[in-house]
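Peer 1: Got a predicted model here, sequence first, then my questions.
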Amino acid sequence: MKGYLHLENGETFTGELAKTSAKQNVGGEIVFFTGMTGYQEVLTDPSYKDQIIVFTYPLIGNYGINKEDFESKKPHVSAVVVYESKTSKYHYEANYSLEEYLKKWDIPLIKHVDTRAVVKRIRRQGTMGATIATEAAVVNPLKEGKQIQAVSVEQFETIGEGKRHVVLMDFGFKKSILDSLLEKDCKVTIAPYNTTKEQIEALKPDGVVLSNGPGDPVQMNPQLSHLKEIVSSYPTLGICMGHQLIGLTFGALTKKLTFGHRGANQPVIDLKTKRVVMTSQNHSYVVDEQSLENTELQVRFKNVNDKSVEGLAHKKLPVISVQYHPEAHPGPSESNYIFDEFLTLMKEAGREKAYA
Ligand SMILES: NC(=O)CC[C@H](N)C(=O)O
């Protein structure tokens, strides 16, 4: 069936709607992902909530869909745009084809769209509102959402029996972050996004991880003073949204990039070691470097392409943060060492406590 991708700038692209959803009209913020593989992780990463994802690689779905690669229990994107979607699923682990999986969750997929042209528009004019529709449709301009509370857990849950106890504050966490912590011999308590310092104290953790999450970080403004108390009291690692929130809690500002970084090959330099690592990324917002000037934070990582801030360290407290995804999935895992650094921070803080 013929379908349309309408952009907020007034342009329309024509394609073919797969039979994955009967919805006539679905809107969202249109963004693009440049990895050749990793579509399962992208679909199920809660940070993509309410976004229409354009895959730049021209053939998507060729190894099907299997549960092992999910980053959460369900897909969060509002719709999918591809050039070609593979309808078979020959991989030995596959439970669904791409289209079968999207049908299960009633998510529209439009194919045979000139994805190269769409991406060029987004690169030039920025991420914008878009609608996938069966006919002409109005595109609603983007408005600020409260996506974090929609994806965060409501109950505390503790997993694993490792040596270090970490509270993972859930702004929309990817399962790979939990897995990375469990692999490093941590016991992890997943906590709702609005957990207070008192609730964390009761858990007696060794450290806190602030997770990734969807939308604009300023949606957390009402909670920033709570977060500052937490981050100032425990060794803390912030990842993506978590990193942006660490920036905001210490008085820095965030800003939106024209089209963000979404892919598996973003080069990042670690200013401490002077080494460049290839990283997995998914974000629109960044911490504004100039706004760090009068704060207690300093830049630890930078994007080699556009020089944007990719990570911070607190000048005195055991607090580090990364804009990229050290847990990978999809993408390279060579930045995984940041988890080891976080472990060292917890170990050192524990030693101080023992001698206090
Ligand atoms: N993956 C994330 O945590 C993304 C953070 C935020 N939603 C952004 O787009 O910048």
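Peer 2: Structure's in. What do you need?

Peer 1: hey, let's count contacts and neighbours off CA atoms from now on
Peer 2: Fine.

Peer 1: Name the residues of the helix or strand bottoming out on mean pLDDT in the chain that come out as buried.
Peer 2: Using mean pLDDT, DSSP states H and E, helix 337-355 stands out as the lowest-scoring helix or strand of the chain, at a mean of 89. Along helix 337-355, the positions that meet the burial threshold by neighbour count (16 or more other CA atoms under 10 Å) are 338-339, 342-343, 345-347, 349-350.

Peer 1: same thing with stretch 145-163?
Peer 2: Buried-residue list, stretch 145-163, by 16+ other CA under 10 Å: 147-149, 151-153, 160.

Peer 1: which parts of the chain sit against the ligand?
Peer 2: Proximity of the chain to the ligand, by CA under 6 Å from any ligand atom, involves residues 47, 212-216, 240-241, 282-285.

Peer 1: In CSV, list the residues you listed along with neighbour count and pLDDT.
Peer 2: Formatted as CSV, the residues of the chain next to the ligand follow (neighbours: other CA atoms under 10 Å; pLDDT from 0 to 100):
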residue, neighbour count, pLDDT
47, 27, 98
212, 29, 98
213, 29, 98
214, 29, 98
215, 20, 97
216, 20, 97
240, 28, 98
241, 30, 98
282, 25, 98
283, 25, 98
284, 18, 98
285, 21, 98
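
Peer 1: Can you lay out those as JSON lines showing secondary structure?
Peer 2: Written out in JSON lines, the entries for the residues of the chain next to the ligand read as follows (DSSP: H, G, I helix; E, B strand; the rest coil):
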{"residue": "47", "secondary structure": "helix"}
{"residue": "212", "secondary structure": "coil"}
{"residue": "213", "secondary structure": "coil"}
{"residue": "214", "secondary structure": "coil"}
{"residue": "215", "secondary structure": "coil"}
{"residue": "216", "secondary structure": "coil"}
{"residue": "240", "secondary structure": "coil"}
{"residue": "241", "secondary structure": "helix"}
{"residue": "282", "secondary structure": "strand"}
{"residue": "283", "secondary structure": "strand"}
{"residue": "284", "secondary structure": "strand"}
{"residue": "285", "secondary structure": "strand"}
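
Peer 1: Would you format these as CSV with distance to residue 273 included?
Peer 2: Listed next are those as CSV, based on distance: CA to CA, whole Å:
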residue, distance to residue 273
47, 29
212, 25
213, 28
214, 30
215, 31
216, 31
240, 21
241, 24
282, 24
283, 24
284, 26
285, 25
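
Peer 1: give the contact list for the residue nearest in space to the middle of the chain.
Peer 2: The chain has residue 47 as the residue nearest its centroid, 4.1 Å off, counting by CA atoms, centre = their mean. Contact criterion CA atoms under 8 Å, 6 or more residues apart in numbering gives 76, 172, 212-215, 282 as the residues in contact with residue 47.

Peer 1: mind listing the helices for the stretch 1-150 of the chain?
Peer 2: Using DSSP state H, counting those that start in this stretch, the helices found in the stretch 1-150 of the chain span residues 39-44, 98-104, 115-125, 147-151.

Peer 1: Please work out which of the ones you listed is packed deepest.
Peer 2: Counting by mean count of other CA atoms under 10 Å, helix 39-44 has the highest mean neighbour count of those, with a mean of 24.

Peer 1: In the stretch 1-150 of the chain, which residue sits nearest the ligand?
Peer 2: Closest contact between the stretch 1-150 of the chain and the ligand, by CA to the nearest ligand atom, is at residue 47 (4.8 Å).

Peer 1: Which of the three states applies to residue 265?
Peer 2: For residue 265, the reduced secondary structure class is strand; criterion used: three-state DSSP.

Peer 1: Isn't it up against residue 280?
Peer 2: Yes: taking CA atoms under 8 Å as the contact criterion, residue 265 and residue 280 are neighbours in contact, 6.2 Å apart.

Peer 1: so what sits against both of those two?
Peer 2: The contact lists of residue 265 and residue 280 share 331-332, where a contact means CA under 8 Å, 6+ apart.

Peer 1: what about the two, which has more around it?
Peer 2: residue 280 (27 against 16; other CA atoms under 10 Å).

Peer 1: residues touching the more buried one, list them.
Peer 2: Residues in contact with residue 280 (CA under 8 Å, 6+ apart) are 262-266, 324-326, 328-332.

Peer 1: excluding its backbone neighbours, what's nearest residue 62?
Peer 2: Taking CA to CA, 6 or more residues apart in numbering as the measure, residue 62 lies nearest to residue 86, with 5.3 Å between them; neighbours along the chain are not counted.

Peer 1: contacting residues around that neighbour?
Peer 2: 59-62, 64, 97-98.

Peer 1: what would those residues look like in JSON lines with pLDDT?
Peer 2: Formatted as JSON lines, the contacts of residue 86 follow (pLDDT from 0 to 100):
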{"residue": "59", "pLDDT": "97"}
{"residue": "60", "pLDDT": "98"}
{"residue": "61", "pLDDT": "97"}
{"residue": "62", "pLDDT": "95"}
{"residue": "64", "pLDDT": "97"}
{"residue": "97", "pLDDT": "97"}
{"residue": "98", "pLDDT": "98"}
